[in-house]
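*Asks:* sequence and predicted structure, then a few things I'm wondering about:
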Amino acid sequence: MADNKGVMIFTEVVEGKLAPIAKELLGCGRKLADELKEELSALLVGSGVASFAAEAIAFGADKVYVVDDALLKDYRTDAYVAVVEKVAKQANPRILLLGQTTIGRDLAPRAAFRLGTAVTLDCVALEIDTSSKLLLQTKPVYGGNAQAIFTMETSPQMATVRAKAMSALVPDNARKGEVVTVAAGLDAAAIKTNLLQKVVQEVEGVKLEDAPVIVSGGRGIGGADGFKQLEELAKLLKGAVGASRPPCDNGWVSDTIQIGLTGKIVSPDVYIAVALSGSSQHLAGCSGSKNIIAINRDPEANIFKEARFGVVGDWKKIIPAFHAKAKELLGK
Amino acid sequence: MNIIVCVKQVPDPEAPPASFKIDSTTNKVAPQTNIPPVISPFDEQAVEAALRIKDAKGGKVTIISLGANLLRDVVKKPLSMGADELVLLEDPAFVDGDSWSTAYALAIAIKKIGQFDLIFCGRQAADWDSGQVGSCIAEILGLPQITVAKKVEVVDNKVKVEKVTADGYEVIEATMPALITVSNELGAARYATIKGIMAAKRKELIIWKPADIGADTAKIGVAGRRTKMHKLFQPVREGKCEIVTGENEEDAAANLAKKLMEVKLL
Ligand SMILES: Cc1cc2nc3c(=O)[nH]c(=O)nc-3n(C[C@H](O)[C@H](O)[C@H](O)COP(=O)(O)OP(=O)(O)OC[C@H]3O[C@@H](n4cnc5c(N)ncnc54)[C@H](O)[C@@H]3O)c2cc1C
Ligand SMILES: Nc1ncnc2c1ncn2[C@@H]1O[C@H](COP(=O)(O)O)[C@@H](O)[C@H]1O
């Protein structure tokens, strides 16, 4: 522990861009590093990722470790765990953070246990404890019904962080930093999984994560036809459609629009929750919304406890009337 | 095919949020007499994934569950769905661990079970949502892992998995033995059959204590934790919802639109 210094961020590159979560993590890591008066480093892993080092520095890193290798083009657990292990042993960070993403949640536990330490997944807050200097890792538990703060005395202290829980810094292109290239040194034979195909299920219109308005339907919508009405409303409001889990499980909508603990995390300005009860697991994905509007026929539904405005009643009557009035008021 | 499925008993996660309480003096979840225990939902789907492979290829499905005071009706459910054996690691020394100490005990119990081609876990247990035990077991046993699966097949001695990603899925194959964690996109688990329930009632359980699996007692349960829980709390939500009304539902809906316009949310 004594020899471990600094904060390291595993910075993901997605679709040829530094991922939003990577920037958020650098912002959070910068604060932690400043508090510890230690260095912030970024770890870039992949094929053709070296060019992102400058951007990682602009977003707060003092140093960037780059592991660039053709074998790292696609994420494969065995290869990425080996790389994280190698760099972590070389750099000895005190803290190592990843995003709670498809990659992060697969990679972090395995890398942590390989390194003889532990990790807390899906943290929403990170802080340095003033007396022990340990990282306090706050994570929702019991589907979001409670939160727990964990610590670990092994190092590096590891955590994955939920999307949108932290804010990125304004990039400063004048910032200076050091770039360190590390050879992957992979043994292709030790990689036991093979990626055969990547299937992207495109959803039309505004991307859910970026939408300023989301119209989200639940089990009470009753079928795919009902979701058509929500889509029309979303179009009028220049927003996107989301769903709780049952509509996805029932095949009324694509699995990719599920919002919640095990779905997408969103924080639009306006989240219109229609015929969904507001389970803790669903709220985990939308409680960061600035304004929740609830439409539910059950006045006791939990969603009203989270909402700013609500209407009690049958969505089949409310949505068409709301749509018509909104259209009129918007002059469309 | 020899398949092992790890299932955990948890308080019903679909219970209304208002029924959930924590005891701040003990830093523990208050005993929830009003919330019945169930098998963690993703684990039920892990059992389903295993049974689908058994249906296609034949073989044996062994369920393993670690805990204390495991309700027989709950942990026997996989048997009534069609699984073949049930092993319980049931001892106070096993419980209140973290992912690491839980995975350690499960991994050495799996070694004792012996030959296996596939291990299934849920993507995360519905109590602590920790989402790690599967990866830890894979790491301890040196197996390839594929997490968050929605479809699992065995093709030409390899396991082929559709893994859920943020914007779709990936098709990944791995050599066996391998460890797979399962997500709800797999589809609903089958119901127990009457015949299955009768068979499950008669089935002898295997119960192992730490000594039976040769566990190092410093590595299991509370003693083996690498993470310490500093605090457990319920965030306060100061929700104040303004209910918009009207002469009827249509009128209330129109009033909502007006209201949202007024506060510039439209
Ligand atoms: C580990 C775990 C992870 C989970 N992850 C997620 C997740 O990521 N996202 C998620 O959403 N869920 C998740 N769930 C499931 C979650 O627990 C709930 O089961 C789910 O969110 C309920 O969806 P719902 O609100 O649409 O359905 P319900 O709870 O059945 O609510 C339906 C609501 O519709 C209302 N209604 C019915 N008809 C009408 C009508 N005509 N007009 C108006 N209102 C009507 C009813 O009053 C009711 O409130 C998870 C569960 C577990 C255990
Ligand atoms: N006590 C347990 N007994 C059996 N399996 C478990 C136990 N705890 C966790 N698991 C398995 O590991 C998965 C992930 O759990 P967790 O890492 O605790 O979220 C669960 O879905 C189970 O398949």
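*Replies:* Here it is on my side, so go on. Ligands and ions are numbered 1, 2, ... in the order given.
*Asks:* burial measure for residue 41, as a count.
*Replies:* Went with chain A since none was named. Using other CB atoms under 10 Å in any protein chain shown, A:Ser41 has 26 neighbouring residues. For every residue, glycine as well, the C-beta is placed using N, CA and C.
*Asks:* meant chain B, my bad for not saying
*Replies:* 18.
*Asks:* the one 10 residues further on too?
*Replies:* Applying other CB under 10 Å, we find 19 residues neighbouring B:Leu51.
*Asks:* can you classify it by secondary structure?
*Replies:* When classified by DSSP: H, G, I helix; E, B strand; the rest coil, B:Leu51 comes out as helix.
*Asks:* which residue packs closest to it, ignoring adjacent ones?
*Replies:* Leaving aside its chain neighbours, B:Leu51 sits nearest to B:Gly82 (5.0 Å; criterion: CB to CB, 6 or more residues apart in numbering or on different chains).
*Asks:* B:Ile53 is in contact with that neighbour, correct?
*Replies:* No: the criterion here is CB atoms under 8 Å, and B:Gly82 misses it with B:Ile53 at 11.5 Å.
*Asks:* tell me the pLDDT at residue 61?
*Replies:* With no chain named, the answer covers chain A. We have a pLDDT of 98 for A:Ala61.
*Asks:* that's the other chain; I wanted chain B
*Replies:* So B:Val61 comes in at 98 (pLDDT).
*Asks:* list the contacts for it?
*Replies:* B:Val61 is in contact with B:Ile3, B:Ile4, B:Val5, B:Val47, B:Ala50, B:Leu51, B:Lys54, B:Pro78, B:Gly82, B:Ala83, B:Asp84, B:Glu85, counting by CB atoms under 8 Å, 6 or more residues apart in numbering or on different chains.
*Asks:* got it, and A:Lys198?
*Replies:* A:Asp74, B:Thr165, B:Gly168, B:Glu170, B:Val171.
*Asks:* what's the distance between it and A:Gly331?
*Replies:* Distance from A:Lys198 to A:Gly331, counting by CB to CB, to the nearest Å: 43 Å.
*Asks:* likewise B:Val29?
*Replies:* Distance from B:Val29 to A:Gly331, by CB to CB: 52 Å.
*Asks:* who's more crowded, these two?
*Replies:* B:Val29 (19 against 5).
*Asks:* the nearest residue to that one once chain neighbours are set aside: how many residues sit nearby?
*Replies:* Counting by CB to CB, 6+ apart, B:Ile22 is the residue found nearest to B:Val29 once chain neighbours are left out, at 5.5 Å. If you count neighbours by other CB under 10 Å, B:Ile22 ends up with 19.
*Asks:* equivalent analysis for the one 10 residues further on, please.
*Replies:* Look at B:Gln32: counted by other CB under 10 Å, it has 14 neighbours.
*Asks:* list just the nearest of the contacts of B:Val61 to chain A.
*Replies:* Ranked by distance to chain A (CB to the nearest CB), the contacts of B:Val61 are led by B:Val47 at 16.9 Å.
*Asks:* and that closest one, which of the three is it?
*Replies:* Per three-state DSSP, B:Val47 ends up helix.
*Asks:* and it, what pLDDT?
*Replies:* Reported pLDDT for B:Val47: 98.
*Asks:* show me the contacts for it.
*Replies:* So B:Val47 contacts B:Val5, B:Val7, B:Ile39, B:Val61, B:Ile63, B:Pro78, B:Met81, B:Ala83, B:Phe120, B:Ala189 (CB under 8 Å, 6+ apart).
*Asks:* cool, and B:Phe233?
*Replies:* A:Ala146, A:Gln147, A:Ala148, B:Ile22, B:Ser24.
*Asks:* now do the helices in the chain.
*Replies:* No chain was given, so I picked chain A. A:20-36, A:53-58, A:77-91, A:102-114, A:224-236, A:245-249, A:280-286, A:303-306, A:315-329 (DSSP state H).
*Asks:* chain B is the one I meant
*Replies:* B:41-57, B:72-75, B:77-81, B:99-113, B:133-141, B:194-202, B:249-262.
*Asks:* quick one: buried residues of the longest one?
*Replies:* Okay, so that is helix B:41-57. Of the residues in helix B:41-57, B:41-54 count as buried by neighbour count, 16 or more other CB atoms under 10 Å in any protein chain shown.
*Asks:* neighbours of the residue lying closest to B:Ala166 once chain neighbours are set aside, how many?
*Replies:* Of all residues beyond its chain neighbours, the one nearest B:Ala166 is A:Thr102 (5.7 Å), with distances taken as CB to CB, 6+ apart. When neighbours are defined as other CB under 10 Å, A:Thr102 has 20 of them.
*Asks:* look up the pLDDT of A:Thr102 for me, please.
*Replies:* 97.
*Asks:* residues in contact with it?
*Replies:* A:Tyr75, B:Val148, B:Lys163, B:Val164, B:Thr165, B:Ala166.
*Asks:* okay, now the domains of the chain?
*Replies:* Let's take chain A. A:7-190, A:208-329 (automatic domain parsing).
*Asks:* try again with chain B
*Replies:* B:2-224, B:239-266.
*Asks:* in a markdown table: these, plus distance to A:Ala307.
*Replies:* Supplementary listing: these in a markdown table, determined by distance: least, CB to CB, whole Å:
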| stretch | distance to A:Ala307 |
| --- | --- |
| domain B:2-224 | 14 |
| domain B:239-266 | 5 |
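*Asks:* got a quick PyMOL command for the buried subset of the contacts of A:Lys198?
*Replies:* Remark: buried members of the contacts of A:Lys198, expressed as a PyMOL selection using 16+ other CB under 10 Å:
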select buried, chain B and resi 165+168+170
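*Asks:* which of the contacts of A:Lys198 sits closest to ligand 2?
*Replies:* Closest to ligand 2 out of the contacts of A:Lys198 is B:Thr165 (19.1 Å), distances taken as CB to the nearest ligand atom.
*Asks:* bridging residues for the closest one?
*Replies:* B:Gly168 (DSSP bridges).
*Asks:* ok, now how distant is it from B:Val148?
*Replies:* B:Thr165 is 8 Å from B:Val148, by CB to CB.
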